[in-house]
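In: only the shape, not the letters, is given here:
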């Protein structure tokens with residue numbers, strides 16, 4: 001029985017990155033032998049055990065055979081005769097197929113260190129094609145390591161293109177698709193995730209609403225980059241500069257879905273795209289089982305981002321209505337999140353990347369003014385029920401009007 005540190009821990013150690021999790025593979029053992037030594041069995045599809053003290057994961061060396069469609073149709077063999085090299089061969093990328101022994105000796109049968117040096121994401125073997133989830137993983141690694149200069153190897157890119165079929169990709173569970181997407185959105189360059197999926201043909205299958213944006217023109221005056229898909233990637237880049245919030249980044253990614261269904265006769269204009277896009281955002285979120293909080297923000301950004309851009313033109317009553325749509329009075333943090341997504345949209349245009357977004361300060365000031373309205377005083381004046389609600393709205397609008405009247409003009 002021999003134990004080896006494997007996968008991401010070995011890779012990140014070589015890249016001089018912080019190691020978040022350590023995974024181990026055990027060669028020459030049986031499930032019963034692990035249990036006898038105090039390990040806790042937790043794997044369902046194959047034997048994975050938790051160390052009795054560290055609680056780190058230890059998996060028996062295994063080989064896999066493709067038995068069906070998707071990423072779950074595998075038969076696992078994990079007898080003591082499985083070698084370390086055989087276990088590493090089933091892994092996705094060469095940089096993830098290295099192991100280190102207890103005394104620090106490196107096992108690198110598939111040249112992972114060479115690919116680390118060359119900054120290449122390369123598949124280990126043709127067995128890569130048996131698991132469509134690996135397309136998403138490669139795209140995520142491309143996003144995660146983009147700042148280090150990594151790119152997808154040409155032969156891996158070609159293989160991913162042949163793998164990108166509806167039969168295989170749509171067999172991946174919505175939860176797994178969202179999990180990989182969520183991880184990608186937490187990287188410094190989540191736009192690379194979308195670009196890699198598009199390059200191999202997976203985007204139009206897994207995220208057809210986003211894929212439909214590429215090649216769709218916009219008015220050059222407001223969008224010098226013209227292509228709506230390119231704009232979307234630029235907005236996601238800007239959102240990543242502004243915040244680490246996955247919810248805000250996701251809202252930025254899907255804010256313009258309505259432009260993908262604009263009738264050709266109206267192009268390059270996109271009248272009412274904020275309203276036609278909202279059902280698309282909802283459908284995408286429900287299909288991928290996106291968390292409710294992220295969905296709610298994405299929908300409100302899609303529907304109202306143009307109002308944010310036109311904030312200085314709006315009447316006080318309309319601004320108050322916008323704050324109500326944001327559910328700002330019950331969820332005040334929503335205002336910041338909404339404005340960050342809108343600022344990313346404004347700056348996600350060619351030549352506008354560093355442009356200020358004064359609408360943010362203005363809406364914050366309007367929201368703060370609304371808090372000066374004291375509902376108890378209105379109740380003491382005799383307002384109640386529906387009349388009280390109307391009085392509160394009037395007073396809030398009046399307070400916003402004072403902000404508007406005194407706001408410095410440029």
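Out: Happy to help now that I have it. Please read these numbers as outputs of a predicted model, since none were measured by experiment.

In: for the top helix by length along the chain, buried residues please.
Out: Using DSSP state H, we find that the single longest helix of the chain is helix 385-406. If you call a residue buried by 16 or more other Cβ atoms under 10 Å, then helix 385-406 has these buried ones: 391, 392, 393, 395, 396, 397, 399, 400, 401, 403, 404. Backbone N, C-alpha and C define where each C-beta goes, glycine included.

In: I'd say the fourth one and residue 378 touch.
Out: By that I understand residue 395. Yes. Proximity of residue 395 to residue 378 meets the contact threshold set by Cβ atoms under 8 Å, at 7.1 Å.

In: leaving out the residues flanking it, which one is nearest to residue 260?
Out: Distances taken as Cβ to Cβ, 6 or more residues apart in numbering put residue 212 closest to residue 260, at 3.4 Å, once the chain neighbours are dropped.

In: doesn't residue 261 make contact with the one you found?
Out: Yes. Applying Cβ under 8 Å as the test, residue 212 and residue 261 come out as touching, 7.1 Å apart.

In: residue 369 against residue 405, yeah?
Out: No. Using Cβ under 8 Å, residue 369 makes no contact with residue 405, being 11.1 Å away.

In: low-confidence ranges in the chain?
Out: Applying pLDDT under 70 to the chain picks out residues 45, 66-74, 410.

In: tell me the contacts of residue 95?
Out: 11, 112, 115, 116, 121, 122 (Cβ atoms under 8 Å, 6 or more residues apart in numbering).

In: what's the answer for residue 280, then?
Out: 209, 254, 257, 258, 260, 261.

In: buried stuff in the helix or strand harbouring the first one?
Out: Element membership of residue 209 [criterion: DSSP states H and E] is helix 208-211. Of the residues in helix 208-211, those buried under the neighbour-count criterion (16+ other Cβ under 10 Å) are 209, 210, 211.

In: what's the closest of those residues to residue 77?
Out: The nearest member of the buried residues of helix 208-211 to residue 77, counting by Cβ to Cβ, is residue 211 at 37.9 Å.

In: surely that closest one touches residue 195?
Out: No. Using Cβ under 8 Å as the test, residue 211 is too far from residue 195 to be in contact (11.5 Å).

In: hey, where'd the strands end up in the stretch 101-250 of the chain?
Out: Applying DSSP state E, counting those that start in this stretch to the stretch 101-250 of the chain gives strands spanning 106-107, 120-121, 151-152.

In: looking at those, which is buried most?
Out: Highest mean neighbour count of those: strand 120-121, a mean of 22 (counted as mean count of other Cβ atoms under 10 Å).

In: what packs against it?
Out: In terms of contacts (3 or more Cβ pairs under 8 Å, 6 or more residues apart in numbering; DSSP states H and E), strand 120-121 is packed against helix 133-144, strand 151-152.

In: which other helices and strands contact the first one?
Out: Here helix 133-144 touches strand 120-121, strand 151-152, helix 154-163, helix 174-185, helix 190-200, going by 3+ Cβ pairs under 8 Å, 6+ apart.

In: repeat that for the last one.
Out: For strand 151-152, the contact count by 3+ Cβ pairs under 8 Å, 6+ apart identifies strand 120-121, helix 133-144 as packing neighbours.

In: can you lay out the ones you listed as TSV showing distance to residue 49?
Out: Shown next, in TSV, are the helices and strands packed on strand 151-152 (distance: least, Cβ to Cβ, whole Å):
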stretch	distance to residue 49
strand 120-121	30
helix 133-144	23
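
In: could you point out which of those sits nearest residue 51?
Out: Within the helices and strands packed on strand 151-152, the stretch nearest residue 51 is helix 133-144; the backing value is 25.2 Å (Cβ to Cβ).

In: which residues touch that closest one?
Out: Under Cβ under 8 Å, 6+ apart, the answer for helix 133-144 is 71, 92-93, 121, 123, 128, 150-152, 156, 160, 163-164, 169, 172, 176-177, 180-181, 183-184, 187-194, 196-197, 200, 202, 206.

In: give me the buried entries from those residues.
Out: For the contacts of helix 133-144, buried by 16+ other Cβ under 10 Å: 71, 92-93, 121, 123, 128, 150-152, 156, 160, 163-164, 169, 172, 176-177, 180-181, 183-184, 187, 189-194, 196-197, 200, 202, 206.
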